[in-house]
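Chemist: just a sequence and a predicted model for now, questions to come.
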Amino acid sequence: MPIPVDVTATVLANHRLSDTDNILELQAPEIARHSRPGQFVMVKRAIGREPLLRRPFSVFEVIRDSDGTVTGLSLLSKRVGVVTRDLFAVEPGEHIQCLGPLGSPFTIVEPPMQGWMVAGGVGLAPFATLTEQLRERGVSTTLFYGGRSASDLYHIPFFEQHGVRVILSTEDGTIGEQGYITEPLTRELANLGEQRVMVYACGPTPMMRAVSKLTAQTGVTTEVSLEQMMGCGLGGCYSCVVQVVNAGNHYVRSCLEGPVFNSEQLNWADLT
Ligand SMILES: Cc1cc2nc3c(=O)[nH]c(=O)nc-3n(C[C@H](O)[C@H](O)[C@H](O)COP(=O)(O)OP(=O)(O)OC[C@H]3O[C@@H](n4cnc5c(N)ncnc54)[C@H](O)[C@@H]3O)c2cc1C
Ligand code: FES
């Protein structure tokens with residue numbers, strides 16, 4: 001795994017998608033070049049500025065210029081607190097402190113295995129880069145993408161243009177099927193037949209727990225990207241531990257052994 005680097009990244013663009021959600025483009029080619037799908041960065045506005053600790057964000061996109069040279073990365077952020085407020089407010093030309101790439105990535109499968117991605121809200125973030133890598137290998141991919149309302153679902157044309165079969169659901173029925181995304185997933189799993197599938201899930205813990213339960217019942221291997229609180233992202237503070245069920249129910253650091261875990265490894269009863 002490449003050694004993480006800490007850069008003072010210039011903001012290239014800030015696309016505000018709603019009152020709370022934005023895509024922030026950062027000039028951080030040193031990180032973007034080595035980042036693998038599922039890895040994350042630790043960011044905050046600036047060293048010496050509140051809060052003390054950075055926050056973890058999945059690498060959403062690797063940005064390239066017209067020659068294909070990597071110029072930066074983007075983050076898909078939901079405004080919920082102090083750092084995401086800064087990420088929402090920051091303007092092009094300003095700076096963000098960015099450390100990465102960190103953590104363990106998703107397993108990239110090969111055909112004839114299919115890749116099914118299950119995303120809730122900004123849990124979509126790790127799936128743009130995962131899509132690119134799966135499609136490069138010719139893996140048939142499906143995105144199950146759920147949110148409260150149509151206005152919570154982003155970037156759908158990107159996935160469609162990459163040949164991803166997109167299945168949507170919203171709680172209010174404004175786009176896709178009305179209800180939780182686990183409902184179409186349940187139906188598709190029931191019709192699997194001889195197809196071999198790897199499921200990747202990222203989103204709220206209750207969604208990932210439900211997905212893991214469904215796939216365990218059908219024997220489908222599943223990797224989840226957990227969103228545990230993290231203090232350092234580097235293995236030093238133990239704020240991110242999760243209980244694993246193999247080898248004596250011990251605890252592991254989510255920032256090192258995760259954030260991507262095989263769902264069967266985790267003690268879901270211990271996760272909030
Ligand atoms: C690997 C990883 C990848 C992630 N990727 C993304 C991403 O791509 N996009 C994204 O939007 N988010 C992502 N997150 C989640 C994001 O890091 C958190 O939401 C982060 O805390 C936001 O920082 P903040 O300063 O804005 O909010 P914070 O101030 O940290 O608050 C966040 C939420 O936690 C609550 N909270 C704060 N402190 C405590 C506490 N001590 N106990 C209980 N609750 C508390 C707050 O009320 C608030 O609801 C990711 C998390 C991980 C671990
Ligand atoms: S975040 Fe500090 S040990 Fe994982």
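Modeler: Noted; the coordinates are in hand. Ligands and ions are numbered 1, 2, ... in the order given.
Chemist: give the contact list for the most centrally placed residue in the chain.
Modeler: Nearest to the geometric centre of the chain sits Pro126, at 3.0 Å (C-alpha atoms, centre = their mean). Contact analysis of Pro126 by C-beta atoms under 8 Å, 6 or more residues apart in numbering lists Pro37, Gly38, Ser58, Val59, Phe60, Phe106, Tyr200, Cys202, Ser225. Where you see a C-beta, it was placed from the backbone N, CA and C, and this is true even at glycine.
Chemist: make sure the first one is actually in contact with Leu130.
Modeler: Right, the one you point to is Pro37. Yes - with contact defined as C-beta atoms under 8 Å, Pro37 reaches Leu130; the gap is 3.8 Å.
Chemist: want to throw the contacts of Pro126 into a markdown table with secondary structure, pLDDT and distance to ligand 2?
Modeler: A markdown table is the format used below for these (DSSP: H, G, I helix; E, B strand; the rest coil; pLDDT from 0 to 100; distance: C-beta to the nearest ligand atom, whole Å):
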| residue | secondary structure | pLDDT | distance to ligand 2 |
| --- | --- | --- | --- |
| Pro37 | coil | 98 | 20 |
| Gly38 | coil | 97 | 16 |
| Ser58 | strand | 98 | 15 |
| Val59 | coil | 97 | 17 |
| Phe60 | coil | 97 | 20 |
| Phe106 | coil | 98 | 19 |
| Tyr200 | strand | 98 | 22 |
| Cys202 | strand | 98 | 18 |
| Ser225 | strand | 98 | 15 |
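Chemist: relative to ligand 1, which of those residues is nearest.
Modeler: Among the contacts of Pro126, Ser58 lies closest to ligand 1 (C-beta to the nearest ligand atom), at 3.9 Å.
Chemist: what's the neighbour count on the closest residue to the closest one other than its chain neighbours?
Modeler: The shortest distance from Ser58 to any non-neighbouring residue, by C-beta to C-beta, 6 or more residues apart in numbering, is to Ala125 (3.8 Å). By other C-beta atoms under 10 Å, 28 other residues sit near Ala125.
Chemist: from ligand 1, how far off is Ala125?
Modeler: Distance, Ala125 to ligand 1, by C-beta to the nearest ligand atom, to the nearest Å: 3 Å.
Chemist: contacts only, for that residue.
Modeler: Per C-beta under 8 Å, 6+ apart, neighbours of Ala125: Phe57, Ser58, Val59, Phe60, Leu75, Leu76, Cys202.
Chemist: what's the pLDDT at it?
Modeler: In this prediction, Ala125 carries a pLDDT score of 97.
Chemist: shared neighbours of Pro37 and Leu130, anything?
Modeler: With C-beta under 8 Å, 6+ apart as the test, Pro37 and Leu130 both reach Phe106, Ile108.
Chemist: if we can go back for a sec, okay if I get the contacts of Pro126 as TSV plus neighbour count and distance to ligand 1?
Modeler: Below are those laid out as TSV (neighbours: other C-beta atoms under 10 Å; distance: C-beta to the nearest ligand atom, whole Å):
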residue	neighbour count	distance to ligand 1
Pro37	23	12
Gly38	27	9
Ser58	28	4
Val59	28	8
Phe60	23	6
Phe106	25	12
Tyr200	27	14
Cys202	29	8
Ser225	29	6
